[in-house]
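Trainee: Below are the sequence and a predicted model for it; my questions follow.
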Protein chains: 2
Amino acid sequence: MTAEIICVGTELLLGDILNSNSQYLARQLAMLGIPHYYQTVVGDNVERLKLAIATAIDRGAKILIFTGGLGPTPDDLTGETIAAFFETPLVERPEVLADIQAKYAQRGRTMNPTNRKQAFSPNGSTILPNPIGTAPGIIWHPRPDLTIMTFPGVPMEMHRMWEETAVPYLKGLGWGEQAIYSRTLKFWGIGESALVEKIPEVFEYTNPTVAPYAGKGLVKLRISTCASSLEDANEAIAPVEQQIRSVIGELCFGVDDETLADATSQLLLKRGHTLSVAESCTGGGLGSFITSIPGSSAYFKGGAITYSNEVKTSVLGVNSEDLQQYGAVSAPVAEQMAQGVQKLLGSDWALSITGIAGPGGGSEEKPVGLVYIGLALPNGEVTHSRHLFGATLERSVIRQYTQFSALDSLRKHLIKL
Amino acid sequence: MTAEIICVGTELLLGDILNSNSQYLARQLAMLGIPHYYQTVVGDNVERLKLAIATAIDRGAKILIFTGGLGPTPDDLTGETIAAFFETPLVERPEVLADIQAKYAQRGRTMNPTNRKQAFSPNGSTILPNPIGTAPGIIWHPRPDLTIMTFPGVPMEMHRMWEETAVPYLKGLGWGEQAIYSRTLKFWGIGESALVEKIPEVFEYTNPTVAPYAGKGLVKLRISTCASSLEDANEAIAPVEQQIRSVIGELCFGVDDETLADATSQLLLKRGHTLSVAESCTGGGLGSFITSIPGSSAYFKGGAITYSNEVKTSVLGVNSEDLQQYGAVSAPVAEQMAQGVQKLLGSDWALSITGIAGPGGGSEEKPVGLVYIGLALPNGEVTHSRHLFGATLERSVIRQYTQFSALDSLRKHLIKL
């Protein structure tokens, strides 16, 4: 018993809008444990929509979920095309018409004549009420083994209808008793293939399954299982998570929605320590990332954006001879920046960043993507790390990787305390 | 001659990621005038991917565009499945292998053995080079009347490959002779409906057409026309742009990809002036936005992230009695922050930000979303503006609006010089 998602709308084929509906529905189907193997996007066109329906049925889908094409204008023809496909007449629903008229009255307006078509649905179908807009959906069994569900394309309306009517309906059919639960481990400082080679055996598992994802320098391992409760799922996932962590160790910085800023934030709060930053090539991006977390004022004092060399010296006390001898992108300057801001703001820890984000400014000796990160410790020591992010990366990506690496270097020191 | 987009990835079926690739490709196909009537999403599964290929060919597609599944891990099988579908062997490309090894070397690492599979492609296909990552795509004619193009799923890589190789290739085949050209005017400080009401007549035009878009506080007007050259398009678009600008004036800060940071950057460069920033609730985000532009060191000196009150006083010299009397989020503090950083860094202009980004920290008198922006001028004067962005907005959105407003206040001063 599989489902297919069919998103209808010429605006999707023109790229005018992003198809967030398919992601929403995909996630919802996964949570209910309803398998789905294909998604289709098709325009507002009768013959092509009919072909999309036929294709989905041929592929064995038993639940067809449509979004879009339920509006009042002539190009909205999802409802009538579905009815025509199954050779079923449309009938007018007085209660839907009354609802549409009431919604117009609420806004002090009278219904447009064109809205009347939204009150028609295939004979034998059940109305899926729209609590917000004028376009209701349907739940319909045109054949005993086939379920059709339609939703408007407006995400806000679709979400409410899905949650309030479709989910209870699907649960009533027995779906969702077994659902897919997952936990995503997040890594920084290791590539996808290197990670896979360290623990090849886990990717052979069938329950839970483990799948790697990579993007923007982060690697993720998603551990998924089908279970009848969150507790059962956790029980199945925990030993696999333990196994991965025992091999990969501290490279795993968090789970699910946790960022590197969250991870360091929790560690700083636990120790009661404060942090400041000195940024050159990231221009404030590290501070911005740290303060993306509400309540960061508890541990973040602030920082210095020292974009020019003269400011590195005047504000942070970086030795101007070292700046000349080693250059702004160098280990001594990174360390002096960190110590300078630590002293200026009186923080326990201080991170500094100096690098070449490109696209210009690189040389053979110091290519684009070269970054030094300094870290001043509470005990007065200072250290640094050198990174080569690769000259082919975009400026924004080099800057983001730099911020991640800086927080990760702090994190690795904090977890050892 | 129609195209189909086939996005491959189980993560899409699980709803783990948003399918932005299909929107990008849809827009690109529209610009080239290549019709496409269907998009398919399918998982990393050999049989289902084969069925998706067969379905697209049955529907009459002559150009199949694939994204995803070109990575180094065992679940990445788009390349080999396409080859298998057309019963064609994979061959190793020494030049691709060398490129992958060089990319690893650039980052000071050695290639993982699993990456070797990325050097294989169907016999007879042409490599579509990946300037950023290790996954090349292909352009291939497995049959005389069929074109296959593959791209990695990472959007940044796919965009570069599309623009640098696929577009010239498709143009060489005669596509894009009549293409849709557009110019987008961007506005800050006016809502969509207010803008539309100021110039209602332009939305009736049929060539060029004018369409409004809104999102993240920016309003855009897209002027589009179908033309056989950029010159012809510009000739059609220019009078409409002029008409809009003559009514809306300085609220239009830029066109197409220009940001508010670009707009102020150009003005500062023109005047030979420098800028510094003092940030509280944005935590460095304004500096990060300004330095997102390569070459910003020509006018940006740096800044101070003064997240705590004590740092506002110790680093920027904000009067501690004013801090107590008026609070950190107040006009006097905003003005003193701007003057303090202007003096500290010796810049011509200085912007400051102090506000309540939420979700906590608001009060009846000073609600979440209240922000003061200070601006210190080259002549020694200082001014401020007060903004209420609304307590229902998310922290990240309030911070972004604040950055935009700060740059826009500087821009409005600079254009008057």
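Mentor: That came in fine, so what should we check first? Residues are numbered from 1 along each chain as shown, chains lettered A, B, ... in the order given.
Trainee: Now do the residue nearest the centre of chain A against residue A:124, distance only.
Mentor: Taking C-alpha atoms, centre = their mean, the centroid of chain A lies closest to residue A:257, which sits 8.3 Å from it. Separation of residue A:257 from residue A:124 (C-beta to C-beta, to the nearest Å): 43 Å. (C-beta placed from N, C-alpha, C; glycine too.)
Trainee: Provide a list of residues in contact with the closest residue to residue A:346 other than its chain neighbours.
Mentor: Spatially, and ignoring its direct neighbours in sequence, residue A:346 is nearest to residue A:301 (7.2 Å; C-beta to C-beta, 6 or more residues apart in numbering or on different chains). Listed by C-beta atoms under 8 Å, 6 or more residues apart in numbering or on different chains, the contact set of residue A:301 reads A:274, A:275, A:276, A:345, A:346, A:347, B:307, B:308, B:310, B:311.
Trainee: Any figure for the gap between the residue nearest to the centre of chain A and residue A:22?
Mentor: Following C-beta to C-beta, the distance that separates residue A:257 from residue A:22 is 21 Å.
Trainee: With residue A:186 instead?
Mentor: From residue A:186 to residue A:22 the distance is 24 Å (C-beta to C-beta).
Trainee: And these two? Which one has more around it.
Mentor: More crowded of residue A:186 and residue A:22, by other C-beta atoms under 10 Å in any protein chain shown: residue A:22, with 27 against 20.
Trainee: That one should be in a helix, yeah?
Mentor: Yes - when DSSP: H, G, I helix; E, B strand; the rest coil is applied, residue A:22 is found to be in a helix.
Trainee: these two touch, right, it and residue A:6?
Mentor: No - if you go by C-beta atoms under 8 Å, residue A:22 and residue A:6 don't touch, sitting 9.4 Å apart.
Trainee: mind listing what the helix or strand hosting the residue nearest to residue A:346 pairs with, with the direction of each?
Mentor: If you go by DSSP states H and E, residue A:301 is part of strand A:300-306. Taking DSSP bridges as the criterion, strand A:300-306 pairs within the sheet with strand A:275-279 (parallel), strand B:300-306 (antiparallel).
Trainee: Any chance of those strands in JSON lines with mean pLDDT and distance to residue A:89 as columns?
Mentor: As requested, the strands paired with strand A:300-306 are exported to JSON lines (pLDDT from 0 to 100; distance: least, C-beta to C-beta, whole Å):
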{"stretch": "strand A:275-279", "mean pLDDT": "98", "distance to residue A:89": "67"}
{"stretch": "strand B:300-306", "mean pLDDT": "97", "distance to residue A:89": "67"}
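Trainee: What is the subsequent helix or strand relative to the strand holding residue A:301?
Mentor: Following strand A:300-306 in sequence order, the next helix or strand is helix A:309-316 (DSSP H and E).
Trainee: quick one: buried residues of whatever helix or strand comes next after that next one?
Mentor: Toward the C-terminus, helix A:309-316 is succeeded by helix A:320-326 as the next helix or strand (DSSP H and E). Buried residues in helix A:320-326, counted by 16 or more other C-beta atoms under 10 Å in any protein chain shown: A:322, A:323.
Trainee: what's around the closest residue to chain B within the stretch 51-200 of chain A, how many residues?
Mentor: Residue of the stretch 51-200 of chain A nearest chain B, by C-beta to the nearest C-beta: residue A:193 (3.9 Å). For residue A:193, the count of nearby residues is 21 (other C-beta under 10 Å).
Trainee: again, but for residue A:13
Mentor: Neighbour tally, residue A:13, other C-beta under 10 Å: 24.
Trainee: ok, now residue A:18?
Mentor: Neighbours of residue A:18 under the rule other C-beta under 10 Å: 15.
Trainee: Now do the contacts for it.
Mentor: Contacts here follow C-beta under 8 Å, 6+ apart; on that basis residue A:18 touches B:18, B:19, B:20, B:23.
Trainee: repeat that for 6 Å
Mentor: Shown in contact with residue A:18 (C-beta atoms under 6 Å, 6 or more residues apart in numbering or on different chains): residue B:23.
Trainee: Quick check: closest non-adjacent residue to residue A:371.
Mentor: Distance criterion C-beta to C-beta, 6+ apart; nearest residue to residue A:371, sequence neighbours excluded, is residue A:355 at 3.0 Å.
Trainee: State the number of residues packed around the one you found.
Mentor: Around residue A:355 there are 29 other residues, counting by other C-beta under 10 Å.
Trainee: how far away is it from residue A:341?
Mentor: Residue A:355 sits 16 Å away from residue A:341, going by C-beta to C-beta.
Trainee: from what I can see, residue A:48 looks like it's in a strand, true?
Mentor: No - Residue A:48 is assigned helix when assessed by three-state DSSP, not a strand.
Trainee: Contacts only, for it.
Mentor: Neighbours of residue A:48 in contact, by C-beta under 6 Å, 6+ apart: A:42, B:37.
Trainee: And the helices in the stretch 201-350 of chain A, which stretches?
Mentor: Chain-ordered helices for the stretch 201-350 of chain A, with DSSP state H, counting those that start in this stretch as the definition, fall at A:230-248, A:260-271, A:285-290, A:309-316, A:320-326, A:331-345.
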